[in-house]
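Peer 1: coordinates only, sequence not included:
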């Protein structure tokens, strides 16, 4: 067969606003070495190369050159940034007839065990091929997180594979604890499908006009659709949706408090990602780029992040509020 | 008379360690626009030009070019940095026979009212000329500060002029409150004398060998003396010491909490010196250079300072501890 079995589609068009100032409009977090030695994008592509025959990076026009400079992968440029739904439909349409199965994954996640992740990704691709359905990868919750959507598993299909009985919105803490006890999984936003399966699943959804525009060769296909996530726009109402379990530690690095979970702390519970001097600093997250340095003296449970002259200080528990800073500094999108 | 009546000697050789990261070994605070539009050194020289016929800036070798680039004043380079005693003796020796009176002032102070300061400086110079004694300027305490030495006023000599009955070391808070009630003044570290008066007062002090070495034309005169402040080395045991009152607001900007006293706060009690975005930040000091920006969200009573990629976060009340950071980053002197 001349088509590669599995193409990994890496989503690298996001802005990562809540990771300001590691994220800026020019340099979002996927281009930064957050929580590791190489950029999140490079680590994601290396992870994808373990299970995929080819890797395609999907990004917005402004970031395309940046991506090409960092990784050796084909780059697809989204006509305009419009959330994951249009982006993934666009990628599937371009790869139809070229790839058998797609595994689609964000470029800004932390994964603790790349080998375990690759095993799950291979299982997801096989499930997508065998069932012709849509596959989403689910992570076993390690805490009652309120920042993630959850997947309710249904009928088992094989080892580590179930039907998805329901997609559940981000819960409050109490509900999250109940979900966790009931065996729900975090919706990691990592998907597998054949190109045809995704395009077919768009029928009757807000993404159908986009598929039609792409079929018609419309030069501005994204004008035909609204910004919508693929979960909300397509998967929640689709018929054949499967959950493949990922056993690796995982975090979406959505907010700064995530670093406290994925990095090793010193004896005061402070984690350092970059150049920092904690002096009686307890339970803090100190993060910098190569050219910056943070000294934190006598403070507790704070995030201090410094990138290219921009500094953020916020209590770890209020990491979600960083979006307010982004909006004030750069304007709302 | 061909000699200028009054030469201002501006002390610009210090390192300002507790104002890290506005201070670094390469760029101490006097070269920064802390609490104002122009650098502290420029503001000090402008202030001195109000009352002095000439201004001389005294600095260490490493900073001499920097000083020349910033201000239009003669530069004296101290052979080596050895506290205020040797520096001021060196300046007096060089200006002997050239200036009638010297007014010696640090380059890193905040002064609220330059006109009132000039009046006091002229009075100090006149007192030095008329008495042939040593004059120190005293600031009326606005709080029971524990970070300053105090002057106990003695017999009155004229308006705003008293003999100094005693120099008092930095007190604890309770003692400071008592001093304040008793009319003591802060020792601002600003002095006036004739060159001959200072050199004569060194007799029998640790600075006498330096005067002898200078008289002898020794090429390394500072090798003959230890590092000692002029207060401790000479003035505390001198006979004719006078206190001239300064009525202006004054602060030595020794530590970051000082900015909260000398700048206007927003409605949450936060002061900003530079580029900052306070979001529910109460009672904070946010300070940056031109190329930096600080966002502080949901925090209280913190100092956040960012200069040239270096960031400091410390509770305002622990501003004194910044010295620990300096020592850890640059090594102890």
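Peer 2: Here it is on my side, so go on. Note that the coordinates shown come from a computational prediction; the quantities given were computed from them, not determined experimentally.

Peer 1: for the stretch 1-150 of chain A, which residues are neighbours of chain B?
Peer 2: Within reach of chain B by C-beta under 8 Å from any C-beta of the partner chain, the stretch 1-150 of chain A has these residues: A:20, A:21. From N, CA and C alone the C-beta is placed, and that goes for glycine too.

Peer 1: helices along the stretch 1-150 of chain A, start to end?
Peer 2: Applying DSSP state H, counting those that start in this stretch to the stretch 1-150 of chain A gives helices spanning A:40-49, A:64-70, A:84-95, A:114-131.

Peer 1: so which elements touch the second one?
Peer 2: When you say that, I think you mean helix A:64-70. Contact analysis of helix A:64-70 by 3 or more C-beta pairs under 8 Å, 6 or more residues apart in numbering or on different chains; DSSP states H and E lists helix A:40-49, strand A:54-59, strand A:74-77 as its packing neighbours.

Peer 1: likewise the last one?
Peer 2: Packed against helix A:114-131, as judged by 3+ C-beta pairs under 8 Å, 6+ apart, are the following elements: strand A:6-11, helix A:40-49, strand A:101-106, strand A:134-139, strand A:150-158, strand A:185-193, strand A:241-246.

Peer 1: hmm, who's touching it?
Peer 2: Contacts made with helix A:114-131 from outside it, assessed by C-beta atoms under 8 Å, 6 or more residues apart in numbering or on different chains, are listed as A:5-6, A:8, A:46-48, A:50-52, A:100-103, A:105, A:111, A:133-135, A:137, A:157-158, A:160-161, A:190-194, A:197, A:240, A:242, A:244-248, A:250.

Peer 1: what angle do strand A:150-158 and that helix make with each other?
Peer 2: 70 degrees (axes from the mean of the first three to the mean of the last three C-alpha atoms, to 10 degrees).

Peer 1: OK, contacts around the nearest residue to residue A:31 once chain neighbours are set aside?
Peer 2: Nearest residue to residue A:31, sequence neighbours excluded (C-beta to C-beta, 6 or more residues apart in numbering or on different chains): residue A:39, at 5.3 Å. When contacts are counted by C-beta under 8 Å, 6+ apart, residue A:39 touches A:30, A:31, A:32, A:33, A:70.

Peer 1: again, only using 10 Å
Peer 2: A:27, A:29, A:30, A:31, A:32, A:33, A:45, A:66, A:70, A:71, A:107, A:108 (C-beta atoms under 10 Å, 6 or more residues apart in numbering or on different chains).

Peer 1: if I look at it, how far off is chain B?
Peer 2: 20 Å (C-beta to the nearest C-beta, to the nearest Å).

Peer 1: now swap in residue A:275 and tell me
Peer 2: 9 Å.

Peer 1: equivalent analysis for residue A:218, please.
Peer 2: Distance of residue A:218 to chain B, given as C-beta to the nearest C-beta: 41 Å.

Peer 1: measure residue A:70 to residue A:102 for me?
Peer 2: The gap separating residue A:70 from residue A:102 is 21 Å, by C-beta to C-beta, to the nearest Å.

Peer 1: more crowded one of these two?
Peer 2: The neighbour count for residue A:70 versus residue A:102, taken as other C-beta atoms under 10 Å in any protein chain shown, is higher for residue A:102 (26 against 18).
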